[in-house]
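Trainee: coords please:
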Amino acid sequence: MMSLVEIKGLTKKFHHFTALDKIDLNLNEGEIYGFIGLNGAGKTTTIRVLLGLLKATEGEVTLFGKDAWKDAVMIHKRIAYVPGEANLWPNLTGGQVIDLFIEMHGNSNVARRDELIQRFKLDPTKKCRAYSKGNRQKIALIAAFTSNADLYILDEPTSGLDPLMEQIFQEIILELKQQGKSILLSSHILSEVEKLCDRVAIIREGKIIETGTLSELKHLTRSTFTVETQKPLVGLTEIKGVQNISQKGNSWEFQVDSEKLPEVISHISQFGVLKLESSAPTLEDLFMRHYKEKSF
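Mentor: Below is the predicted model of the structure:
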């Protein structure tokens, strides 16, 4: 696959504060890439560098093989961007704003615009000052999805949307992927990232601390087991990779590193298993594992 976005050694400093510290990231053609982290971790700063709104202090940032800072105007012809907070002209209607964005992007696909307005259940005749945050976000999404971009850069795009509209958003993202489009999805909604993304990167305090496919990342997390046995369950503490053991009567709950599952299953079977429940690791497990030592 061809790489559309290449970030190598990206560092961004604001005076003595290092907002981004030697970030490496690449996004391939036809891929949905999740970029996750807490607020203030560096997601939006990275996106602003990609958009040519901030100049990198160090490192290389290219989109479509062109420099993000020097070739920003050319790059913007091929991308669509949705921020987490859509600031719109208060005296224009939603429809007028959508049409303005479409015209600026050089795309006049009226049928696509009308389809998206219907799917997002937006009343385009209201003035923007009368819209809720969720409806303002719909306007930004409709304008972006109407454009025939090669790369969609979405920074907390579902902020303010209700669950039904989040579902519509997810359907459209998957449709774009089927068309061969590429998406960079910055979010702190882990369930959204887990449903949509092919690969993810976790950023914390300006550094990429984990990256890979979902299956690769889940391999590093722990499954949770609840076991009820006929005989007292002993010896769990002696197995490496078993954590957070707790007992309530004949029921035991613990977490197991994925690579130790066969050994644990073999061990507990000796004690007469009456009940066995397990929950697979999720992206949230991995995320919280990296952040658990930090205050929220």
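Trainee: Would you map out the domains in this structure?
Mentor: With domains defined by automatic domain parsing, the chain comprises 3-211, 222-280.
Trainee: and these, which is most packed in?
Mentor: Across these, averaging neighbours per residue (mean count of other Cβ atoms under 10 Å) puts domain 3-211 on top, at a mean of 18. From N, CA and C alone the C-beta is placed, and that goes for glycine too.
Trainee: if you average pLDDT over it, what comes out?
Mentor: Average pLDDT, domain 3-211: 93.
Trainee: how far away is the residue nearest to residue 207 when sequence neighbours are not counted from residue 156?
Mentor: Closest residue in space to residue 207, ignoring its immediate chain neighbours: residue 21 at 5.0 Å, by Cβ to Cβ, 6 or more residues apart in numbering. Separation of residue 21 from residue 156 (Cβ to Cβ, to the nearest Å): 22 Å.
Trainee: One more: residue 138?
Mentor: Distance from residue 138 to residue 156, by Cβ to Cβ: 14 Å.
Trainee: Tell me which stretches of the stretch 151-296 of the chain form strands.
Mentor: 151-155, 182-187, 199-204, 207-213, 222-229, 242-248, 251-257, 273-279 (DSSP state E, counting those that start in this stretch).
Trainee: Distance to residue 80 added to those strands, as CSV?
Mentor: CSV is the format used below for the strands of the stretch 151-296 of the chain (distance: least, Cβ to Cβ, whole Å):
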stretch, distance to residue 80
strand 151-155, 5
strand 182-187, 10
strand 199-204, 20
strand 207-213, 24
strand 222-229, 38
strand 242-248, 43
strand 251-257, 41
strand 273-279, 37
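Trainee: Of the ones you listed, which is nearest residue 9?
Mentor: strand 207-213 (11.2 Å; Cβ to Cβ).
Trainee: pretty sure residue 44 is in contact with residue 155, am I right?
Mentor: Yes - with contacts counted by Cβ atoms under 8 Å, residue 44 reaches residue 155, the gap being 5.8 Å.
Trainee: what's the overlap in contacts for those two?
Mentor: Listed as contacting both residue 44 and residue 155 by Cβ atoms under 8 Å, 6 or more residues apart in numbering are 84, 186.
Trainee: that older thread, in its sheet, which strands sit next to the strand or helix carrying the residue nearest to residue 207, and in what direction?
Mentor: Using DSSP states H and E, residue 21 falls within strand 17-28. Using DSSP bridges, the strands paired with strand 17-28 in its sheet are strand 3-14 (antiparallel).
Trainee: And the contacts of the strand it pairs with?
Mentor: Applying Cβ under 8 Å, 6+ apart, the set of residues contacting strand 3-14 is 18-29, 33, 45-46, 49-50, 54, 56-64, 150-151, 182, 184, 206.
Trainee: For residue 5, see how far away the residue lying closest to residue 173 once chain neighbours are set aside is.
Mentor: Take residue 173 and drop its neighbours on the chain: the residue closest to it by Cβ to Cβ, 6+ apart is residue 196, 5.5 Å away. Counting by Cβ to Cβ, the gap from residue 196 to residue 5 is 17 Å.
Trainee: quick check: angle from the helix ranked longest in the chain to strand 182-187?
Mentor: Using DSSP state H, we find that the single longest helix of the chain is helix 163-178. Inter-element angle recorded for helix 163-178 and strand 182-187: 150 degrees (by axes from the mean of the first three to the mean of the last three Cα atoms, to 10 degrees).
Trainee: which helices and strands sit right next to helix 163-178?
Mentor: Counting by 3 or more Cβ pairs under 8 Å, 6 or more residues apart in numbering; DSSP states H and E, the packing neighbours recorded for helix 163-178 are helix 110-119, helix 133-146, strand 182-187, helix 190-196.
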